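*Asks:* okay, here's the prediction I keep looking at, along with the sequence it came from:
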Amino acid sequence: MIDLRGTEVIDQRGTEVIDVMQLRLLEIDQVLDSEAVCQKWDDLLKQSPSSGFMQSTAWAAFRLKRNYRVFHKLLFQGDELVGGGIGYAPVVAHGAGNGVEIESHGYGEDLVTGRRTASRPTSGLWGVTDGASILSYPDGPVIPWHNPALGGEAMRLLVQSAKQESERENFLAIRMEPRISAPVPSALRLFKRAPVDSLPAETLYIDLALPESELFQSFHPKCRYNLRLAAKSGVTLREATCIGAEGLTPDRVQGANKALAKFYSILSEAGQRDDFFVEPQDFFEDLFSTLPPGMIRLFFAEHDGDVLATAAVVIFGARATYLYGAVSNAKRNLMAGYALQWHVMCAAKESGCSEYDFYGFVSPALTEHPHAQFSRFKQQFGGKPQRFIGAHDYYFVDNLASLVVKALTEVSSIFSAPEPNDSH
């Protein structure tokens with residue numbers, strides 16, 4: 001498993017322990033000291049429904065490869081690991097003007113996924129960020145949300161630590177985005193609702209704990225009809241080998257690379273057709289080569305040699321997340337997208353998952369919403385809509401004020417500059 005352990009450390013600043021009341025905050029920047037702590041952290045995540053794979057050490061390793069700084073916090077109560085979080089911030093140069101970034105994690109839009117368009121980096125405040133960024137905790141943090149006193153103290157420690165780091169790292173804010181439903185817990189009382197969400201604030205969960213026959217019967221009649229149509233038409237389903245799998249022969253390596261290329265080709269085709277942002281190909285090369293085998297899985301629906309649909313699914317704990325996917329322009333009448341979803345759900349169920357996250361959903365009653373038609377597709381698989389509180393920001397006022405002053409100074413200098421001398 002690829003993680004943050006080992007000797008290759010980016011900008012390691014050491015380890016510090018802060019003791020407050022019953023809790024201790026162990027800070028480990030960019031590196032995890034021991035295999036035992038790494039495993040304990042991932043095990044804790046898998047038991048926490050308020051979190052997800054983006055807080056895992058494997059995902060952190062992927063973000064490191066994508067030029068992000070990683071800040072891992074571990075909360076202990078006595079000797080017991082009770083929470084913490086992994087924060088991410090883009091590596092930006094001073095004056096680069098792109099530090100205030102909305103992370104894209106496959107949060108796109110297509111006929112199968114129904115995700116909104118992935119956000120591109122913004123230019124900051126009047127194009128001036130001077131290396132500033134937001135420290136983001138997607139799917140996190142993991143704290144005792146059910147215990148207001150303990151959860152509040154845990155959050156105070158996390159904010160205190162980030163505030164100390166902000167003086168060095170030039171953070172404008174810390175962003176928390178757990179998978180919890182309203183009301184907003186008291187631990188976030190000093191936070192403000194973020195202007196954007198990094199992750200879907202509303203999604204659709206399918207109950208994979210149901211027996212397969214009951215799960216199939218829970219689908220809308222039209223969905224079941226389309227699944228039978230795809231089977232009758234000869235649509236076949238398969239799982240491809242990912243490029244990160246260990247011990248591959250040269251032939252299988254070549255096959256894995258071809259599968260990734262085909263996946264990206266269909267995703268790009270759908271992106272052009274349906275006008276959604278698609279990350280560059282090296283993003284997916286890093287994704288599939290970094291996440292361990294079994295955590296990221298790649299599926300295809302085919303017919304007579306034509307690839308009709310594809311899906312990239314992350315399996316972490318009891319949840320399978322449909323992270324990326326698309327259907328091609330060919331043979332749309334064969335309903336390959338339906339067949340692929342059912343196949344992936346069955347594969348996730350066989351892997352021990354009890355829920356399937358469609359990763360984005362809006363009420364189909366919102367007929368004018370740009371995602372309504374995609375959500376109607378998802379709704380045909382039944383399931384239960386989940387609405388989360390979304391991203392919340394705690395602003396570091398001093399850093400934000402400095403940025404505003406810098407921006408105003410630069411704008412003022414532009415308007416006060418003398419006119420050019422045109423005399424000769």
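*Replies:* It's in. All values derive from a computational prediction rather than experimental measurement.
*Asks:* burial measure for Q281, as a count.
*Replies:* 15 (other Cβ atoms under 10 Å). No exception for glycine: its C-beta is placed from N, CA and C like everyone else's.
*Asks:* surely it is in contact with K262?
*Replies:* No: in this structure, Q281 is not within contact of K262 by Cβ atoms under 8 Å, at 11.8 Å.
*Asks:* tell me the buried residues in stretch 276-292?
*Replies:* With burial defined by 16 or more other Cβ atoms under 10 Å, the residues of stretch 276-292 counted as buried are 276, 278-279, 283-292.
*Asks:* got the phi and psi for L172?
*Replies:* phi -80, psi -30 (degrees, to the nearest 10).
*Asks:* show me where pLDDT drops low in the stretch 1-150 of the chain?
*Replies:* For the stretch 1-150 of the chain, the stretches with pLDDT under 70 are 1-21, 27-34, 93-131.
*Asks:* just the strands in it please.
*Replies:* Here the stretch 1-150 of the chain has its strands, by DSSP state E, counting those that start in this stretch, at 15-20, 23-29, 68-77, 80-90, 133-138.
*Asks:* of those strands, which is nearest S213?
*Replies:* strand 133-138 (35.8 Å; Cβ to Cβ).
*Asks:* now what about the closest one, what contacts it?
*Replies:* Under the contact criterion Cβ atoms under 8 Å, 6 or more residues apart in numbering, strand 133-138 has outside partners 52, 54-55, 71, 85-90, 92, 99-101, 103, 105, 162, 165-166, 169-178, 198-199, 391, 393.
*Asks:* per-residue pLDDT of V362, please?
*Replies:* V362 is assigned 82 on the pLDDT scale.
*Asks:* next one: the one 3 residues further on
*Replies:* According to the prediction, A365 has pLDDT 78.
*Asks:* look up phi and psi at it.
*Replies:* According to degrees, to the nearest 10, A365 has phi -70, psi -20.
*Asks:* may I see the buried residues of the longest helix along the chain?
*Replies:* Longest helix in the chain by number of residues (criterion: DSSP state H): helix 250-274. Across helix 250-274, burial judged by 16+ other Cβ under 10 Å covers 256, 259-260, 262-264, 266-267, 269-271, 274.
*Asks:* lowest pLDDT pick from those residues?
*Replies:* For the buried residues of helix 250-274, the least confident entry is D274, with 80.
*Asks:* which stretches of the stretch 301-424 of the chain form helices?
*Replies:* 336-350, 372-379, 397-416 (DSSP state H, counting those that start in this stretch).
*Asks:* kindly report the same for the stretch 51-200 of the chain.
*Replies:* Using DSSP H, counting those that start in this stretch, the helices of the stretch 51-200 of the chain run over 57-65, 148-169.
*Asks:* nearest to L25, of the ones you listed?
*Replies:* That would be, of the helices of the stretch 51-200 of the chain and by Cβ to Cβ, helix 148-169, which comes in at 4.3 Å.
*Asks:* contacts made by the closest one with the rest, please.
*Replies:* 18, 20-23, 25, 27, 69, 71, 73, 75, 77, 82-85, 87, 89, 133, 135, 141, 143-145, 171-172, 174, 176, 185-188, 190, 394, 396, 399.
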